[in-house]
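Colleague: 3D model of this:
(2 chains)
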Amino acid sequence: MDLKQLNSVSPLRVFEDSINGGLGKGNLGVIVSKKGVGKTACLVHIATDKLFKGEHVIHVSFSGNVEHVINWYKEVYREIVDNNSLDDANEVYEQILSNRVVMNFSQEQVAIEKVLASLEALISHGAFSADAVLFDGFKLTIASEDDIAKIKEFAKRMNIEVWFAVSPVRPDVVFDEYGVPNTLEKYFPLIDVLVALKFNEKADKVNMTVVRAHGENVPKPAKVALNPKTMLIAEHN
Amino acid sequence: MTHDLLGMRNIGISAHIDSGKTTLSERILYYCNKIHAIHEVRGKDGVGATMDSMELERERGITIASAATNVMWKGHEINVIDTPGHVDFTIEVERSLRVLDGAILVLCSVGGVQSQSITVDRQMKRYHVPRIAFVNKCDRTGANPYRVKDQLIEKLGLNAVMMEIPIGLEDKLEGVVDLVNMKALYFDAGPSGDGVREEEIPAHLLDEATEKREELLDAVSMCSGNDALMEAMLEENVPVELLKECIRRATINLELCPVFMGSAYKNKGIQPLLDGVIDYLPNPTDVENRGLDLDNNEKEVVLESREDAKPVVLAFKLEDGQYGQLTYIRVYQGRIKKGDTLYNTRSKKKFLVGRLVKMHASTMEDISEAGCGEIAALFGIDCASGDTFCDPSLNYSMTSMFVPNPVISLAITPVDKKAADNMAKALNRFTKEDPTFQTYVDPESNQTIIKGMGELHLDVYIERMKREYKAEVTVGQPEVAYREAISQRADFNYTHKKQTGGSGQYARVAGYIEPTVSENPDEPAPDYVFVDEVKGGAIPTEYIPSCDKGFQTAVKKGSQLGFPVIGVKVCVNDGAWHPVDSSDMAFQTAALNAFREAYEKAKPVILEPIMKVEVEGPSEFQGNIFGSINQRRGMIISSTEDNNQCTVIAEVPLAEMFGYSTVLRSLTQGKAEFTMEVAKYGRVPMGVAEELKKKYEEKKKNQK
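Modeller: Numbers count the residues shown, from 1 in each chain, chains lettered A, B, ... in the order given. Next comes the predicted model:
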């Protein structure tokens, strides 16, 4: 199939539907789970879907290893392409690559101002018209509310969508039935979309719950889940 | 002279630019009593470092040719190859790695694992070279050997373990704690740290040393074959000899990378590093070397590191000095003596071993024989680098070495007749020494073209022509080695017919061309594939190779810019012939024209070399760096920030990189630097392609 078809049948359309039509520019979205449930794969899938749509994305990581992030994208891309037998897969990959930049901050506690300044430098000096910024491994649960407000302000000003993939840092957190840690609650007013991932042992899959969607606070199961093998977003079979 | 193979070490020193390789080599020579005073790379005494023997090297403070030198340390013979750090001279690094048994990977304690460290490490992996790391410049502000060790693990995937911990850092660097012997070592005896003072570990470092030693033991005991160590650990009694033996085995098996540290410039930590070379790097018998038996379908044969075996020798480097051609060799099997007859398996010629020498940077020492594992040099042998010399009864070739294609070319014109003669001599020598430096005369413009791996690479050769050969040349604009390719399938059906009395020419070939596809997405697609699908003898089998040949001629020069066409699959499935008028020539001509016919229909495109560029500089200039890449049609892949240093990795067309060093310097107050290497060939955007084609047409017109 071609790219247009691929985009139209993508499970991400169903996902967007679940969160009332996508996140939208200027907004903050959070994917939360315990460690090792699959939030990075999920985040990379969201980013790859944007790349398929011709959008520009910046992936921000704090892992200290750029290769690692790039390999995630490679794997997710191959998985999607193989599942859908996309035409000219190698060529499409070359094309979308130029719309992705990985920004990496090795310091454990780099100031958020620094991160935002770097992003702005890339967008303005590097003439990279980003549509979305995805933070992986940002310690949202212990960040100050002020920091989040700054990111929100940045998202509005630059007109970009911001996604976070978050795992709680403190060992004493309490998770609710959907997989949301209690340490996240105080940021609720700043978060536009909150999706929780929770491993369901019985069904051997990862459930996705839309906990908040644009001010609406009605936890409802998303119409998609994570495929336990590939960790990609998939429709329920 | 000792010929104790077990005691011998052939090692290389490789690293990122300016990590201090040459400074380190200089210290090694000094402590091994090869030289009696230390000269700095850009020293005020004007002598320059001993290993940088070329005048030009001393002036620029970079090492160009790798000099081989031989030293003794505590009764062990060590052959040291000083390898160049600049990426343009990668071929030198590759070649020296081929002949080494082990290597010291030098890293800067501030810069850590930099782009070149990654390249060099990749090359070492390719040749399975065991390595120990030396974290240099621990006296610099911001030095952090612990971080460098973590990077070795993270970025290079090495199982790096600290063999030492520093006593003080930055300007307070005093010495190191040896974690194997659990002793503190100070280097303050004598004017250049000649003597090592061994003391008890200072109290404030004892806890850390104990902890790091535990880490070391854990890592070593996890490596294969080290069960004895595990047992000794359980009994809490680890003999030093056992530990050393286990570290050695793990290092040689490429399971472990011991990390040493110090400061070459401040003469700290060098002697323990030399001990490490002896203790942990392999001797020639520890490493299995393989050759290819040319008489037996290139079957791999394992070479025996025995002195009484028939000799097998590899020529890995040529140098044309004032005394004639010098050929650096490594003996892999047997031993060679003056007066022996050897056989060059490439040129198929026999020759006599004349003068045999051992090199010490630019001075040499005559020897009468060279044994297995040794590195020596021969005089007056006519050969190319990479040739294998054997006993006349053998026909082996050492594995062929990987030679990258040149990506940049420029025209040079001698200023007068005398310069022209000298230039010819110089080019003859340089091309023999360096396979990535190539030259030819462009038949259309009649100009001499030199090709190489980058601007600096060619710059250095032009400089050397002037200095060493007095060949003044004017230099043209650098040009990129473009490639052409097709983007879709196209059919051909071409009849070549000529009847002008006598026997004529007749041939028809039909089929199609299409882009080749790579089977493995990580590898580029093959350059040229020929498929014969002719049925029922439409083209007689004897003429099929003629077709192949004709197509191969055609792809050498595309019609858009005159550069080679790559990534084409040619399939011939039909044709016609004539019993009298068909010939080899006729089919070649038909194939050539058939290709041209199909090429135009196959939507041809132009490809250009895309460089992987890595820029490093202070974070405050990040915006400027992004901007400069953006202006060069570059694509930013990633940006990493650490300690107010940022590293930007991008892919930029080579054509846009000319003069980048000057631009970067002025954008960042000289605080940023960059390295680049060829990443791939990428499609030239439409607008640029049109420009190039227009220029090519004009050039062709002017020449007519």
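Colleague: which residue ranges form the helices in chain A?
Modeller: Remark: helices assigned in chain A by DSSP state H are A:3-9, A:11-18, A:39-52, A:66-84, A:89-97, A:112-124, A:145-158.
Colleague: and of those, who's closest to residue B:77?
Modeller: helix A:66-84 (39.4 Å; CB to CB). For glycine as for every other residue, the C-beta is placed from the backbone atoms N, C-alpha and C.
Colleague: tell me what angle the closest one forms with helix A:39-52.
Modeller: Helix A:66-84 and helix A:39-52 are oriented at 70 degrees to each other (axes from the mean of the first three to the mean of the last three CA atoms, to 10 degrees).
Colleague: so is helix A:66-84 next to chain B?
Modeller: Yes: contact of helix A:66-84 with chain B (CB under 8 Å from any CB of the partner chain) involves A:66-67, A:69-70, A:78.
Colleague: emit the ChimeraX select command for whichever of these are buried.
Modeller: Selecting only the buried entries of the residues of helix A:66-84 next to chain B in ChimeraX, with 16 or more other CB atoms under 10 Å in any protein chain shown as the criterion:
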select /A:66,69,70
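Colleague: the spatially closest residue to residue B:334 that is not a sequence neighbour - how many residues pack around it?
Modeller: Excluding its sequence neighbours, the residue lying closest to residue B:334 (CB to CB, 6 or more residues apart in numbering or on different chains) is residue B:311, at 3.6 Å. The burial count assigned to residue B:311 is 23, neighbours taken as other CB atoms under 10 Å in any protein chain shown.
Colleague: show me the contacts for residue 173.
Modeller: All of this refers to chain A. Residues counted as contacts of residue A:173 (CB atoms under 8 Å, 6 or more residues apart in numbering or on different chains) are A:141, A:181-183.
Colleague: should've been chain B
Modeller: Neighbouring residues of residue B:173 by CB under 8 Å, 6+ apart: B:138-139, B:143, B:166-167, B:262-263, B:266, B:268.
Colleague: same list (these) but as TSV, adding distance to residue B:5 and pLDDT.
Modeller: Shown next, in TSV, are these (distance: CB to CB, whole Å; pLDDT from 0 to 100):
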residue	distance to residue B:5	pLDDT
B:138	34	86
B:139	37	86
B:143	38	85
B:166	35	89
B:167	37	89
B:262	29	88
B:263	33	87
B:266	35	84
B:268	32	85
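Colleague: now name the helix or strand holding the closest residue to chain A within the stretch 601-704 of chain B.
Modeller: For the stretch 601-704 of chain B, the residue closest to chain A is residue B:626, as judged by CB to the nearest CB, at 3.4 Å. Residue B:626 is part of helix B:622-630 when elements are defined by DSSP states H and E.
Colleague: right, and the helix or strand after the worst-scoring helix or strand of chain B on mean pLDDT?
Modeller: Counting by mean pLDDT, DSSP states H and E, chain B has its least confident helix or strand at helix B:55-60, which shows a mean of 50. On the C-terminal side of helix B:55-60, the closest following helix or strand by DSSP H and E is strand B:68-73.
Colleague: list the residues that contact residue B:280.
Modeller: B:130, B:132, B:244, B:247-248, B:251-252, B:258.
Colleague: reformat the residues you listed as JSON lines; add distance to chain A and secondary structure.
Modeller: JSON lines is the format used below for those (distance: CB to the nearest CB, whole Å; DSSP: H, G, I helix; E, B strand; the rest coil):
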{"residue": "B:130", "distance to chain A": "23", "secondary structure": "coil"}
{"residue": "B:132", "distance to chain A": "23", "secondary structure": "strand"}
{"residue": "B:244", "distance to chain A": "32", "secondary structure": "helix"}
{"residue": "B:247", "distance to chain A": "27", "secondary structure": "helix"}
{"residue": "B:248", "distance to chain A": "30", "secondary structure": "helix"}
{"residue": "B:251", "distance to chain A": "24", "secondary structure": "helix"}
{"residue": "B:252", "distance to chain A": "27", "secondary structure": "helix"}
{"residue": "B:258", "distance to chain A": "23", "secondary structure": "strand"}
